[in-house]
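A.B. asks: sharing a sequence plus its predicted fold:
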Amino acid sequence: MVVKRKVASALPVAAAAVVAGELVRAVYRRDLPTFQNQDASGVFGDPSSPPLRIVALGDSSVTAPGVEDLDDVWIRSVAKGFADRYRVELISLAVGGAKARDVIDGQLAEAIRLRPHVASVSVGSNDALRGTRPGRFRLELTEIVERLEEAGASVVIYGMGDLGSIPRLPPTLRRIATRRSEIFDRVCRDVAVSSERAVKVHTRGRMLTAFREDKTLFADDLFHACGRGHAVFAEGAVPAFEAAVAIAKRFESQEPLES
């Protein structure tokens, strides 16, 4: 029994190692293009409208390499959707390739300093693909959310769809990537459920199937989403952001949020 337990406990670690190794080989394929990370920050809406500051933390799902028009980046599209009611200030701190630990070390302090009404956290895919243990990711995501909430923000946790649908990944990796994305998305859900001010984007519906069924939603690097893919991201994110803004407003009278 002891031997079986040791073997069973070693399986997730072995799978993570396979994911990490195969990912490195897939990402550095020389027959595919690479794209630069981008800054989706901007200010939208009537200056006389009530202020709404959104700070985006995360990885290349926010920096949007492969998206030609910045207005197509999902976080920018969502932010502009509030411009009819608010003077929206969107500040992106995201860095391509970031894992949860990188967000803590390189983005979180600045996000807290900015005192956002809503903080968007889109991280976890690199953790899932590069071998981070789910338990460690849970601890790190919890720290991110708790510290943002302590700063007075409501938090949108994006989570992830099916990473196994990424065309750039070799077939041997896709089943493991699918399973790992399910596990890490569940962690995101659990962290949101345990929080008073956090909301998770629903990523187990259309977002899950769209990228499996339509490979044109990916950029030419076959790894990141293109503008049409970001439209799917934005569609999924809108309800969570509406809820997060409502939460921020509910707490505003108790803990005034700075503009």
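C.D. replies: Arrived safely, thanks for sending. Computed from a predicted structure; not experimentally measured.

A.B. asks: what does the helix or strand hosting Arg147 contact?
C.D. replies: For Arg147, the host element (DSSP states H and E) is helix 134-150. Helix 134-150 is contacted from outside by 12, 57, 100-101, 103-104, 108, 111-112, 116, 119, 121, 123-124, 127-128, 155, 157, 183-184, 187-188, 190-192, 194-198, using CB atoms under 8 Å, 6 or more residues apart in numbering. Glycine gets a C-beta too; all of them are placed from N, C-alpha and C.

A.B. asks: for ChimeraX, what selects the buried ones among these?
C.D. replies: Those of the contacts of helix 134-150 that count as buried under 16 or more other CB atoms under 10 Å are selected in ChimeraX with:
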select :12,57,100,101,103,104,108,111,112,116,119,121,123,124,127,128,155,157,184,187,188,191,192,195,197,198
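
A.B. asks: mind checking which of the contacts of helix 134-150 land in strands?
C.D. replies: Within these, residues falling in strands by DSSP state E are 57, 119, 121, 155, 157, 198.

A.B. asks: farthest pair in the residues you listed?
C.D. replies: With CB to CB as the measure, no two of the ones in strands among the contacts of helix 134-150 lie farther apart than Leu57 and Ala198, at 13.1 Å.

A.B. asks: where does this structure have its least confident helix or strand?
C.D. replies: The weakest-scoring helix or strand in the chain, judged by mean pLDDT, DSSP states H and E, is helix 2-27 (a mean of 52).

A.B. asks: circling back: buried residues in the helix holding Arg147?
C.D. replies: Buried-residue list, helix 134-150, by 16+ other CB under 10 Å: 134, 137-138, 140-149.

A.B. asks: so, low pLDDT: which residues of the stretch 151-259 of the chain?
C.D. replies: Residue ranges of the stretch 151-259 of the chain with pLDDT under 70: 253-259.

A.B. asks: can you give me the helices for it?
C.D. replies: Listed in chain order, the helices of the stretch 151-259 of the chain (DSSP state H, counting those that start in this stretch) span 171-193, 206-213, 227-252.

A.B. asks: so which of those is nearest Val62?
C.D. replies: Of these, nearest to Val62 by CB to CB is helix 227-252, at 9.7 Å.

A.B. asks: which helices and strands does the closest one pack with?
C.D. replies: For helix 227-252, the elements it packs on are helix 74-80, strand 118-122, strand 154-157, strand 198-200, helix 206-213, judged by 3 or more CB pairs under 8 Å, 6 or more residues apart in numbering; DSSP states H and E.

A.B. asks: in it, what counts as buried?
C.D. replies: The neighbour-count check on helix 227-252 (16+ other CB under 10 Å) flags 227, 229-234, 236-237, 240-241, 243-245, 247-248, 251 as buried.
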